[in-house]
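Novice: Any chance you can model this:
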Amino acid sequence: CQGGKGQILGVPSDNFAFYLWYRKDILAKAGITAPATNWNDMLAQCDKLVAAGITPWVYGDRDGYTTSNMMTTEITSYFQPGDVQKVLDGSLKYTDQKFIDAYNAIAELKTHKCVSPTSSTREQLDAANDLLTGKVAYMEGAPPFLPTFAPLGDKIGVTLIPYAGTG
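Specialist: Here you go, the predicted structure:
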(Lines give C-alpha, C1' and ligand atoms only; values in the text may rest on other atoms or scores of the structure.)
Protein backbone atom coordinates (compact mmCIF):
# COMPACT_ATOMS: atom_id res chain seq x y z
CA CYS A 1 0.00 0.00 0.00
CA GLN A 2 3.02 2.26 -0.51
CA GLY A 3 3.37 3.34 3.10
CA GLY A 4 -0.34 4.12 3.42
CA LYS A 5 -0.40 6.31 0.30
CA GLY A 6 -1.46 3.66 -2.23
CA GLN A 7 -4.80 2.03 -2.86
CA ILE A 8 -5.46 -0.94 -0.58
CA LEU A 9 -6.43 -3.87 -2.76
CA GLY A 10 -6.77 -6.51 -0.08
CA VAL A 11 -6.19 -7.19 3.58
CA PRO A 12 -5.31 -10.66 4.87
CA SER A 13 -8.12 -11.92 7.04
CA ASP A 14 -6.69 -15.19 8.26
CA ASN A 15 -4.12 -13.88 10.73
CA PHE A 16 -6.45 -14.45 13.70
CA ALA A 17 -5.43 -11.12 15.20
CA PHE A 18 -7.94 -8.96 16.98
CA TYR A 19 -7.57 -5.22 17.24
CA LEU A 20 -9.25 -2.27 18.85
CA TRP A 21 -10.72 0.09 16.30
CA TYR A 22 -11.40 3.58 17.60
CA ARG A 23 -12.80 6.92 16.53
CA LYS A 24 -10.29 9.70 17.15
CA ASP A 25 -12.97 12.37 16.89
CA ILE A 26 -15.23 10.66 19.44
CA LEU A 27 -12.38 10.21 21.94
CA ALA A 28 -11.55 13.91 21.50
CA LYS A 29 -15.10 14.87 22.54
CA ALA A 30 -14.27 13.41 25.97
CA GLY A 31 -10.85 15.07 26.08
CA ILE A 32 -8.99 11.84 25.25
CA THR A 33 -6.03 12.31 22.91
CA ALA A 34 -4.87 8.70 22.45
CA PRO A 35 -6.34 5.22 22.74
CA ALA A 36 -5.90 3.28 25.97
CA THR A 37 -2.66 1.33 26.20
CA ASN A 38 -3.38 -0.72 29.33
CA TRP A 39 -6.44 -2.05 31.12
CA ASN A 40 -6.56 0.58 33.87
CA ASP A 41 -6.29 3.31 31.25
CA MET A 42 -9.15 1.67 29.32
CA LEU A 43 -11.40 1.62 32.39
CA ALA A 44 -10.53 5.25 33.16
CA GLN A 45 -11.32 6.20 29.56
CA CYS A 46 -14.64 4.38 29.81
CA ASP A 47 -15.48 6.45 32.87
CA LYS A 48 -14.56 9.69 31.03
CA LEU A 49 -16.55 8.73 27.95
CA VAL A 50 -19.62 7.79 30.00
CA ALA A 51 -19.36 11.09 31.90
CA ALA A 52 -19.35 12.87 28.52
CA GLY A 53 -22.51 11.00 27.45
CA ILE A 54 -20.65 8.72 25.02
CA THR A 55 -20.95 4.94 24.88
CA PRO A 56 -17.33 3.74 25.03
CA TRP A 57 -17.57 0.38 23.23
CA VAL A 58 -19.93 -1.22 20.83
CA TYR A 59 -19.73 -4.86 21.80
CA GLY A 60 -21.73 -6.92 19.33
CA ASP A 61 -21.81 -10.23 21.15
CA ARG A 62 -25.05 -11.90 20.13
CA ASP A 63 -23.13 -14.85 18.71
CA GLY A 64 -20.29 -14.72 21.24
CA TYR A 65 -17.56 -13.63 18.84
CA THR A 66 -16.54 -10.46 20.68
CA THR A 67 -16.29 -12.12 24.09
CA SER A 68 -14.42 -15.05 22.56
CA ASN A 69 -11.95 -12.66 20.92
CA MET A 70 -11.56 -10.61 24.09
CA MET A 71 -11.07 -13.72 26.20
CA THR A 72 -8.32 -14.93 23.88
CA THR A 73 -6.56 -11.60 24.27
CA GLU A 74 -7.05 -11.26 28.01
CA ILE A 75 -6.19 -14.87 28.87
CA THR A 76 -2.91 -14.57 27.01
CA SER A 77 -2.22 -11.35 28.91
CA TYR A 78 -2.01 -13.46 32.08
CA PHE A 79 -0.04 -16.34 30.54
CA GLN A 80 3.66 -16.91 30.82
CA PRO A 81 5.81 -18.87 28.35
CA GLY A 82 4.78 -22.52 28.46
CA ASP A 83 1.25 -21.92 29.76
CA VAL A 84 -0.44 -22.87 26.48
CA GLN A 85 1.25 -26.27 26.63
CA LYS A 86 0.11 -26.62 30.25
CA VAL A 87 -3.49 -26.03 29.14
CA LEU A 88 -3.07 -28.65 26.42
CA ASP A 89 -1.60 -31.25 28.78
CA GLY A 90 -4.22 -30.54 31.46
CA SER A 91 -1.88 -29.20 34.14
CA LEU A 92 -3.29 -25.66 33.84
CA LYS A 93 -7.04 -25.81 34.43
CA TYR A 94 -9.70 -23.38 33.29
CA THR A 95 -10.36 -22.77 36.98
CA ASP A 96 -6.80 -21.46 37.48
CA GLN A 97 -6.49 -17.89 38.76
CA LYS A 98 -5.08 -16.77 35.38
CA PHE A 99 -8.39 -17.64 33.73
CA ILE A 100 -10.45 -16.16 36.57
CA ASP A 101 -8.52 -12.88 36.34
CA ALA A 102 -9.14 -12.74 32.58
CA TYR A 103 -12.86 -13.42 33.07
CA ASN A 104 -13.01 -10.71 35.75
CA ALA A 105 -11.31 -8.21 33.44
CA ILE A 106 -13.97 -8.80 30.79
CA ALA A 107 -16.68 -8.38 33.44
CA GLU A 108 -15.18 -4.99 34.33
CA LEU A 109 -16.20 -3.75 30.90
CA LYS A 110 -19.81 -4.02 32.05
CA THR A 111 -19.32 -2.72 35.59
CA HIS A 112 -17.62 0.41 34.19
CA LYS A 113 -20.41 0.79 31.64
CA CYS A 114 -17.82 0.44 28.87
CA VAL A 115 -20.11 -1.60 26.65
CA SER A 116 -23.38 -0.65 25.07
CA PRO A 117 -26.56 -1.82 26.80
CA THR A 118 -27.39 -3.88 23.70
CA SER A 119 -24.07 -5.74 23.76
CA SER A 120 -25.58 -9.20 24.23
CA THR A 121 -28.18 -8.83 21.52
CA ARG A 122 -26.23 -7.13 18.72
CA GLU A 123 -24.51 -9.09 15.99
CA GLN A 124 -20.85 -8.05 15.56
CA LEU A 125 -21.09 -6.96 11.92
CA ASP A 126 -24.21 -4.91 12.61
CA ALA A 127 -22.63 -3.39 15.71
CA ALA A 128 -19.79 -2.05 13.55
CA ASN A 129 -22.30 0.47 12.21
CA ASP A 130 -22.24 2.23 15.59
CA LEU A 131 -18.52 2.90 15.23
CA LEU A 132 -18.92 3.84 11.59
CA THR A 133 -21.64 6.39 12.40
CA GLY A 134 -19.88 7.85 15.46
CA LYS A 135 -22.21 6.51 18.14
CA VAL A 136 -19.36 4.88 20.09
CA ALA A 137 -15.63 5.32 20.59
CA TYR A 138 -14.26 1.75 20.40
CA MET A 139 -14.91 -1.62 18.79
CA GLU A 140 -13.01 -4.91 18.94
CA GLY A 141 -12.59 -6.47 15.52
CA ALA A 142 -10.34 -8.14 12.99
CA PRO A 143 -8.61 -6.75 9.87
CA PRO A 144 -11.59 -7.46 7.56
CA PHE A 145 -13.31 -4.40 9.07
CA LEU A 146 -10.79 -2.12 7.32
CA PRO A 147 -12.88 -1.68 4.15
CA THR A 148 -15.91 -0.82 6.31
CA PHE A 149 -14.05 1.88 8.20
CA ALA A 150 -11.81 3.17 5.39
CA PRO A 151 -14.30 5.92 4.39
CA LEU A 152 -13.71 7.52 7.80
CA GLY A 153 -10.19 8.47 6.70
CA ASP A 154 -8.15 9.98 9.50
CA LYS A 155 -11.04 9.77 12.00
CA ILE A 156 -10.43 6.03 12.44
CA GLY A 157 -7.55 4.43 14.28
CA VAL A 158 -6.53 0.90 15.13
CA THR A 159 -4.47 -0.27 18.08
CA LEU A 160 -3.81 -3.33 20.18
CA ILE A 161 -6.46 -4.36 22.68
CA PRO A 162 -5.15 -3.31 26.08
CA TYR A 163 -3.94 -6.13 28.31
CA ALA A 164 -5.34 -6.56 31.79
CA GLY A 165 -2.48 -8.82 32.86
CA THR A 166 1.26 -8.54 32.56
CA GLY A 167 2.01 -11.86 30.85
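
Novice: Secondary structure element for the residue sitting nearest the centre point of the chain, which one?
Specialist: Nearest to the mean C-alpha position of the chain, counting by C-alpha atoms, centre = their mean, stands residue 140 at 3.2 Å. In the assignment (DSSP states H and E), residue 140 maps to strand 136-141.

Novice: what's the helix or strand following that strand packed up against?
Specialist: Secondary structure here is assigned by DSSP H and E; on that basis, the next helix or strand after strand 136-141 toward the C-terminus is helix 146-149. Using 3 or more C-beta pairs under 8 Å, 6 or more residues apart in numbering; DSSP states H and E as the contact criterion, the elements in contact with helix 146-149 are helix 124-132. C-betas here are computed from N, CA, C, even on glycine.

Novice: Pull out the buried positions in the helix it packs on.
Specialist: Buried residues in helix 124-132, counted by 16 or more other C-beta atoms under 10 Å: 124, 127, 128, 130, 131, 132.

Novice: give the contact list for the residue nearest to the centre of the chain.
Specialist: For residue 140, the contacting residues are 18, 19, 20, 21, 57, 59, 66, 69, 70, 161, by C-beta atoms under 8 Å, 6 or more residues apart in numbering.
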